[in-house]
Each structure stands twice: as structure tokens, then as C-alpha cells.
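1. Here is my input; please provide its structure:
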Amino acid sequence: MLTNEINKKMLSSQRGEITEHTIYKKLAQSTKDAHNRKLLLHISDDELSHYNFWKQLTGKEVKPDWVKVWFYYLVSRVFGLTFGIKLMENGEKKAQINYRDIAKSIPEVFEIAEEEDSHERELIKIIEEERLHYIGAMILGLNDALVELSGSLAGFTLALQDSRLVAMVGLITGIAAALSMGSTSYLASKSEDLGRSPLKSGLYTGVAYIITVALMILPYLLISNVFIAMAVMICSVLILILIFNFYISVAEDLPFMKRFSEMAAISMGIAAISFGMGYLMRYFFGIDI
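-> The predicted structure is shown next:
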């Protein structure tokens, strides 16, 4: 005899399966790549078969969680298939706990759970996505912009002490550095011959750098008090580092906290040193703006 708690967990698992079936189906319908579409439809069919397994046990029909459907669909469309799908699968820890609890009463559930988890992960690994081939180029552009420009802006802040001047000098420095980094990435990809387009590699690096520069310069354009603008810029840097490392940790299955703390410590350390250098440059050159 199954308890009410087990019945609730079975219905929850059933709803999870139909929800994931719907997400994968919607992603497959919106994907142009034939290889990825085939894989997504395959996973979608697996989820539907698991839903039907639960349906036989519960004897009930359930509807998908449309909030989750649209959330993961939009995340996958904006940030990429691999990120959206892995984020969804990483968030299914409760479902795995439910499976283990139900398996105590229905042993065959454990076998299905193991099969589902291993099969899906193997299929997700072979999804082909262009942006993941160039993730190293994006890391190069964003990481360099965060470390280099946060230090430069901190130094300019104390040396110039004028928001508009800091924004102007920072923008010139940032654009020049973006073009330099993009060119370096292009030449490096061309010489390495790793099967990536050198032009795309350079563009991914340069665009990542430019977007980061724009977000870091923005506080100086909006806030007249240069020190408040710098404080907002520093907060923006930490938020960018947080978002970027979360994306990488999910998409590439890498540890989050270690990467975040290292990158944040390096950026803040360089910013602090540059801030001090700005003071020294202002003092020794006798600048008073």
C-alpha cells in the first residue's frame, strides 16, 4: 500500500517529466541545427516515456509547469542550449531525492532514474553549439577587460577626479585594448589551427571586451561624483565576475566559488594598487584638475 506522501512524490515526478518533455520539444522546434534538433527530440521522447511510466502508476494526467517551461526555454534561447539544459538538469536534485524515496516502495523506479540520468547526460554532452567552441575567446576578452580596465579606471579616478574625464580616457583605453585583444585572438587562432574560425575568435574576444568596457564606463557617465561612480563601477565588476563565472561553471561543469573568488581577488587587488598609483602620479606630476 502506497502512502499519500509517496503518491504526492510520484505526481511531482510525473509533472517534472512532462515539463521537461515540453521544454525539450519547444527547444527542438526552435533549433535550426539538424543534429541538435534530433538530439533534443530524442531526449523529449525519453521524457514522455518516463511520464507515461508514472501515469501508469498514478492513473492520472498532469499538466506541465508552464512557468518552468518558459523560464528554461528563454534562458536557453538567450544564453545557449548547453547552459539552459545543464542549468535545468542541475536544478533537478529534488526529483532525484523523490526517485530514491519512491524506489523504496517501487524498486523498478531506481533503475529508470539511473538510466534517465546517465542517458540524458551523455546526449547533452554531444549537443553542438558554436558559442562553446569560442568560450575561450570570450573568457580572454571578458577576463582581460575586468582585470585591466577596473585597475585603469581606479587609477584614473584618483588622478583625474572628474567623472567625464575618467569616462573619456577609460573609453579610449578600453576601445584600443578591445581592438588589440581581438587582433591578438585572431592571430593566435590562426597560428594554433584548432579548427575554429580566426575571424570569429577575434570577434568573440573583441565584442566581450567592448560590452564589459561599456558596462564599466557607464557609472562615470551617469554619476557626477567620481568616487561614488568608482564604487558603483567596482560593484558592477563584482556582479559581472559573479554572472560570468556562474555561466562558465554551469556550461563547462567547473567549480564556481574557487573561480569567482580568484577572479574577484585579482581584479580588486589590481584596482587597489592602481588607485594608489593614481594618487602617486597626481602628487608627483602636480596635477590639479
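
2. Skipping its backbone neighbours, what lies nearest the residue nearest the centre of the chain in space?
-> For the chain, the residue lying nearest the average C-alpha position, counting by CA atoms, centre = their mean, turns out to be Tyr247 (1.9 Å). Closest residue to Tyr247 in three dimensions, ignoring its sequence neighbours and counting by CB to CB, 6 or more residues apart in numbering: Phe83, at 6.2 Å. For glycine as for every other residue, the C-beta is placed from the backbone atoms N, C-alpha and C.

3. The one you found: which element?
-> According to DSSP states H and E, Phe83 maps onto helix 81-90.

4. Also Met181?
-> Here Met181 is covered by helix 163-192, with elements defined by DSSP H and E.

5. Who are the packing partners of that helix?
-> Using 3 or more CB pairs under 8 Å, 6 or more residues apart in numbering; DSSP states H and E, the elements in contact with helix 163-192 are helix 135-160, helix 198-222, helix 226-251.

6. Please tell me how far the first one is from the chain's geometric centre.
-> So that's helix 135-160. Here the centre of helix 135-160 is set off from its chain's centre by 19 Å, with CA atoms, centre = their mean, to the nearest Å.

7. Ok, stretch 247-265 next?
-> Using CA atoms, centre = their mean, the distance between the centre of stretch 247-265 and that of its chain works out at 10 Å.

8. Any idea how far apart the tips of it sit?
-> Start-to-end span of stretch 247-265 (CA to CA, to the nearest Å) is 19 Å.

9. got a list of contacts for that stretch?
-> Residues external to stretch 247-265 that are found in contact with it (CB atoms under 8 Å, 6 or more residues apart in numbering): 79-80, 82-83, 86-87, 90, 132, 135, 139, 143, 146-147, 238, 241-242, 244-246.

10. Can you mark which positions in it are buried?
-> Of the residues in stretch 247-265, those with enough neighbours to count as buried (16 or more other CB atoms under 10 Å) are Tyr247, Ile248, Ser249, Val250, Ala251, Arg259, Phe260, Met263, Ala264.

11. okay, who's weakest in the residues you listed by pLDDT?
-> Of all the buried residues of stretch 247-265, the model is least confident about Ala251, whose pLDDT is 72.

12. Return the distance of Leu27 relative to Asp46.
-> If you measure Leu27 against Asp46 using CB to CB, to the nearest Å, the figure is 14 Å.

13. okay, these two: which has more neighbours?
-> Neighbour tally, Leu27 and Asp46, criterion other CB atoms under 10 Å: the higher count belongs to Leu27, 22 against 19.

14. residue contacts, that one?
-> With CB under 8 Å, 6+ apart, Leu27 has these contacts: Leu40, Tyr73, Ser76, Leu81, Gly84, Ile85.

15. Check the secondary structure at the second one for me.
-> It stands for Tyr73. Taking DSSP: H, G, I helix; E, B strand; the rest coil as the rule, one finds Tyr73 in the helix state.

16. and it, what does it touch?
-> Ile23, Lys26, Leu27, Ser30, Gly84.

17. Of the residues you listed, keep whichever come out buried.
-> Ile23, Lys26, Leu27, Gly84.

18. which ones among those residues are found in strands?
-> Among the buried ones among the contacts of Tyr73, no member falls in strands (criterion: DSSP state E).
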